[in-house]
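**Student:** For reference, the sequence and a predicted model appear below.
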Amino acid sequence: MEPSEAALLARTRRAYERGRLQAALWRAVPLVPVVAWTASWCRYPALAAVCGAALVALTVALRWRGQVWARAVRPGLAAGLAPLVLPFLMREASEVCVGEVCCSLCLIGCVGGGALAGVLIGRRAASLGEGRGAFLAAAGTLALLAGAPACAFAGALGLVGLLIGFAGGTAPVLLARAPA
Amino acid sequence: MDAARHHELQDLLARLADGDRAAFPPAFTLLWPVTRAFARSFLREEAGAEDAAQQALVRVFLRAAEFDASRPALPWVLGVVANECRTLRRRRQRRREGPLAEADARAHPAATPEEGAARADLERAALRALDGLPAADVEAILAHIGEGARPDLPPATFRKRVERALKRLRRAWSERHGTL
């Protein structure tokens, strides 16, 4: 390869990476109003801002990286709607008591939303031949970051409930579809 | 480009759009000759075509993330290259027009003292050359250059007189200065 061709190769390589980053940034723009809306009603706006910033940054990074990482973005964000919307709708509701044990509906929304997100992502991950772990990690992180501001209504317990719900939703699906 | 290469290009661009960096070197190797040949035939100038081809290839890779794998790759690539060539051609035309417009906007040639002196010398030499001509010839030349009143003659006669006067003036100038 001639020196001028090697320089052109390096130049085109940089252009390719820059183009991917630009495309990823443009596609993350619609997330910004959603993050702002979440921060406007979250009990802990700072937490919502941090989670929102991390969500946008991770979305850009995954889309820039491409392949299975980029393919995890849309399912991850879609699954993240469940733990975001359910606790948000239940945040004003009173507690539910079974016998002597009482639990806030918001917390139930966190666990339920996390479980639903886990099932959706787990099913999608299980259908993949390769990159299942990467897909699960990327989509799961996005879903948890999306749901965290809403689950903060139930305090730290809400965030723990979200994690437990997600793990509970993902594990059975993955185990059931794991190749023998 | 034959069908196999066409198919290979389609596959490589689809992989690049997906973020597969391993597809980059073969895509470069395949695209560079195609881009260069197209730019040469489009611009029809060797040096300019090389620059245009390089910039066009950079543009192709910059936009590789946007490539829709369901559409044919070669027309997409050539569309990007043609667009870049057209832009470069327009830019060059504007650059060429720029200095001319500047020259038009420049002050009169006699703006500097040196130019003024040279102009005065030329005028003196022209007057000396005119001095030896018949009065009718001087009158015709001055009327012709807009420095005197046009004699009351039919247009064809005046044209003929100007022609004769200029011929004599040329001869007189050559006798005094040797060149014209």
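**Tutor:** Looks like it came in fine.

**Student:** quick one: low-confidence ranges for chain B?
**Tutor:** B:1, B:46-47, B:96-112, B:115-116, B:118-124, B:127, B:131, B:146-148, B:177-180 (pLDDT under 70).

**Student:** That one against chain A: which residues are in contact?
**Tutor:** Proximity of chain B to chain A (Cβ under 8 Å from any Cβ of the partner chain) is limited to residues B:16, B:18-20, B:24-25, B:28, B:32, B:54, B:57-66. C-beta here means a position set from N, CA and C on the backbone, and glycine is covered the same way.

**Student:** can we see that at 6 Å?
**Tutor:** Proximity of chain B to chain A (Cβ under 6 Å from any Cβ of the partner chain) is limited to residues B:18-19, B:28, B:54, B:57-58, B:61-65.

**Student:** Show me how to select, in ChimeraX, the buried members of the residues you listed.
**Tutor:** Here is the ChimeraX selection string for the buried members of the residues of chain B next to chain A, based on 16 or more other Cβ atoms under 10 Å in any protein chain shown:
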select /B:18,19,28,54,57,58,61,62,63,64,65
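
**Student:** So for the single nearest residue of chain B relative to chain A, what's the nearest residue that isn't a sequence neighbour?
**Tutor:** Closest residue of chain B to chain A, Cβ to the nearest Cβ: residue B:19 (1.3 Å). Taking Cβ to Cβ, 6 or more residues apart in numbering or on different chains, and ignoring the residues beside it in sequence, residue B:19 has residue A:66 as its nearest neighbour in space, at 1.3 Å.

**Student:** Taking the residues of chain B next to chain A together, which two end up most distant?
**Tutor:** The span of the residues of chain B next to chain A, defined through Cβ to Cβ, is set by B:18 and B:54 at 25.4 Å.

**Student:** which one is residue A:138 nearest to, not counting chain neighbours?
**Tutor:** Counting by Cβ to Cβ, 6+ apart, the residue nearest residue A:138 is residue A:72, at 3.7 Å.

**Student:** still on that earlier bit, what about the residue nearest to residue B:19, distance to residue B:20?
**Tutor:** Separation of residue A:66 from residue B:20 (Cβ to Cβ, to the nearest Å): 7 Å.

**Student:** same deal with residue A:97?
**Tutor:** From residue A:97 to residue B:20 the distance is 55 Å (Cβ to Cβ).

**Student:** between those two, who's got more neighbours?
**Tutor:** Neighbour count, other Cβ atoms under 10 Å in any protein chain shown: between residue A:97 and residue B:20, residue B:20 has more, with 14 against 9.

**Student:** Next one, pLDDT for the closest residue in space to that one that isn't next to it in sequence please.
**Tutor:** Using Cβ to Cβ, 6+ apart and skipping residues adjacent in sequence, the residue nearest residue B:20 is residue A:67, 6.2 Å away. Note for residue A:67: predicted pLDDT of 92.
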